[in-house]
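>>> Generate coordinates for the sequence data below:
(one chain, ligands or ions: 1)
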Amino acid sequence: MNLEYISNELKEKMKANVPDKAQYDTWISILKPLNEFNDIIYLEIPKKELKFIFDQIWVPQMQEILNKINNERNTNYKLEIIAKDSDDYEKILSLGKSTDNNGQLLINDVNKYPKPLLEKTNIFENFVQGKSNQLALAASQSVAENMANYKVSRVYNPLFIYGASGLGKTHLMQAIAHKILDKRDDCYVMYLSSEKFTNEMISAVRNNTNEEFRKKYRSVDMLLIDDIQFIANKTGTQEEFFHTFEDLYNQGKQIVISSDRPPKEIKHLEERLVSRFGWGIIVDISKPDFETRVAILQKKQDELGAVVDYEILEYIAENIETNIRDLEGALATSIACSKSNNRSYVTLDDARLGVSSRVHVKSKRITAEDIQQIVADRYHIKLQDLKGKSRKREFVMPRQIAMYLCRDMLSVSLVSVANEFNRDHSTVMHGYEKIESMIEEDQDFRSEIEEIKKEIKS
Ligand SMILES: Nc1ncnc2c1ncn2[C@@H]1O[C@H](COP(=O)(O)OP(=O)(O)OP(=O)(O)O)[C@@H](O)[C@H]1O
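Residues are numbered from 1 along each chain as shown. You can find the predicted model right below:
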């Protein structure tokens, strides 16, 4: 049974046991699925100080519920809670997957080439193609195909995949690794986050093992580094990574990198890295459209072994637009909800609960007034000046920004936005277009607008 699924079901059933919502939010909602091994379900909590309370209070209650699930399903699961900052966290995470000290999975018969620790389901077959990801998918497939056939093409080296959180970058990177490992057992594939690279480098410096560190990274056939944006600002790591990159590239080894933004927009990233990241191909993954979101949900329901009505999938897809991780979480929670009510089908109410467990931001309804106030505060002007008629520069620019944001963030017509500013719609259109082109041309301005958006959503 899927780990995420059972932990969701457990949490849903706990809702009935913990009627006080604040208690539920404080204790139960923070649990995350960690691993399942030898009939033990390991759930993660953020801090070890909390473990005592879990062991005393919550684990016995949850185990009772789990026993009921066990009876229904003929399983024999026990529950354990592991803190993210505890010493055995990494060990528990890798149970069932044999690994070396660096978290690289060792396949017993090919010890010579340690294998990376990968999520089993992150394979190409489970990746749903849509307009938002087709280029990234095609490039990833080409890299995997080439490597499986002992080839590295300069066109795809490095492959740089960027996009917002939860849109499938890790999935694609791991799919590449899976594919190569399926086809070849003589390929040293290393997949890790840039944070892990940094930590290893720091500990190599501390333990005086720089040579081993370098040798290890420069002996791989393919290096996949996830979330490279985290090395920005870290001069030492950038220096080391630069040399690793150069060395591997010159040896004709494949490099794949992911980030939440394109190289040029990663602040404080050394120019020489920015330029090298662009030597191969840069592809983006954007927000999936409605059809792709529904197709992803269909795929996920198969993986979860459930059948959910098409209208229910549509409801979830309509309400979760920006993040596939949330999309699949909402589906899993909806299914768990229906099971906890002993139903074999998912109702719209289950789906509503599933969606609301994920879209905290959307549940806050943003109004034109919120936007106007936040923009006025940011530029230190009065709300009435922002909405007023004065054409002074210090008022016009914030006014146009607020118009742009209203049009961009609220699902309302141009005319409604115009009404909010006591203007006609052509004035709003003009302001919108002006800000839009400034965003396109000026990176700093783009970041500023993103920051304002974040503030509005928070
Ligand atoms: N096109 C897709 N088809 C099927 N599942 C997808 C697709 N895109 C993403 N997913 C799923 O969405 C979840 C989040 O994806 P992933 O972890 O790859 O995101 P990410 O872009 O690496 O996010 P972050 O930057 O936060 O690490 C995963 O479970 C992944 O399998």
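
>>> Contact residues of the stretch 201-350 of the chain facing the ligand?
With Cβ under 6 Å from any ligand atom as the criterion, the stretch 201-350 of the chain comes near the ligand at residues 260, 296, 299, 324-325, 328. All C-beta spots, glycine's among them, are computed from the backbone N, C-alpha and C.

>>> Which element, helix or strand, includes the most centrally placed residue in the chain?
With distances taken as Cα atoms, centre = their mean, G166 lies nearest the centre of the chain, 2.7 Å away. Counting by DSSP states H and E, no helix or strand carries G166.

>>> for S437, same thing?
Secondary structure (DSSP H and E) places S437 in helix 425-441.

>>> And L181, by the same measure?
L181 belongs to helix 169-183, assigned by DSSP H and E.

>>> that older thread, quick one: average confidence on the helix holding S437?
The pLDDT scores in helix 425-441 average 89.

>>> Checking F160 next. Helix, strand or coil?
In the three-state summary, F160 is assigned as strand, counting by DSSP: H, G, I helix; E, B strand; the rest coil.

>>> got a list of what it touches?
256-259, 262-263, 277-278, 280-283 (Cβ atoms under 8 Å, 6 or more residues apart in numbering).

>>> Quick check, the residue in the stretch 101-250 of the chain closest to the ligand?
G168 (2.7 Å; Cβ to the nearest ligand atom).

>>> Give me the pLDDT for that residue.
The model's pLDDT for G168 equals 95.

>>> tally of neighbours for it?
Neighbours of G168 under the rule other Cβ atoms under 10 Å: 25.

>>> for D185, same thing?
13.

>>> could you show me where the helices are in the stretch 251-400 of the chain, in order?
In the stretch 251-400 of the chain, the helices defined using DSSP state H, counting those that start in this stretch lie at 271-277, 290-303, 310-319, 324-340, 348-356, 360-363, 368-378, 383-387, 393-409.

>>> now, of these, which is deepest in the fold?
helix 324-340 (a mean of 24; mean count of other Cβ atoms under 10 Å).

>>> what separates that helix from the chain centre, distance-wise?
17 Å (Cα atoms, centre = their mean, to the nearest Å).

>>> And this protein, what are its domain boundaries?
Taking the TED database as the reference, the chain has its domains at 3-94, 124-284, 290-357, 368-457.

>>> Please dump the ones you listed into CSV; it should also carry distance to P116 for every row.
Below are the domains of the chain laid out as CSV (distance: least, Cβ to Cβ, whole Å):
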stretch, distance to P116
domain 3-94, 11
domain 124-284, 4
domain 290-357, 21
domain 368-457, 32
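
>>> Out of those domains, which is closest to L117?
domain 3-94 (6.3 Å; Cβ to Cβ).

>>> average pLDDT for that closest one?
According to the model, domain 3-94 has a mean pLDDT of 86.

>>> do the same with stretch 339-352
On average, stretch 339-352 scores 87.

>>> circling back: show me the beta-bridge partners of the nearest residue to the residue of the stretch 101-250 of the chain closest to the ligand once chain neighbours are set aside.
The shortest distance from G168 to any non-neighbouring residue, by Cβ to Cβ, 6 or more residues apart in numbering, is to I285 (5.6 Å). Counting by DSSP bridges, I285 is bridged to G163.

>>> State the pLDDT value of the residue lying closest to G354 once chain neighbours are set aside.
Of all residues not flanking G354 in the chain, S334 sits nearest, at 3.3 Å (Cβ to Cβ, 6+ apart). The confidence metric pLDDT takes the value 92 at S334.

>>> which ones are touching S334?
Here S334 is in contact with 308, 312, 316, 346, 350-351, 353-355 (criterion: Cβ under 8 Å, 6+ apart).
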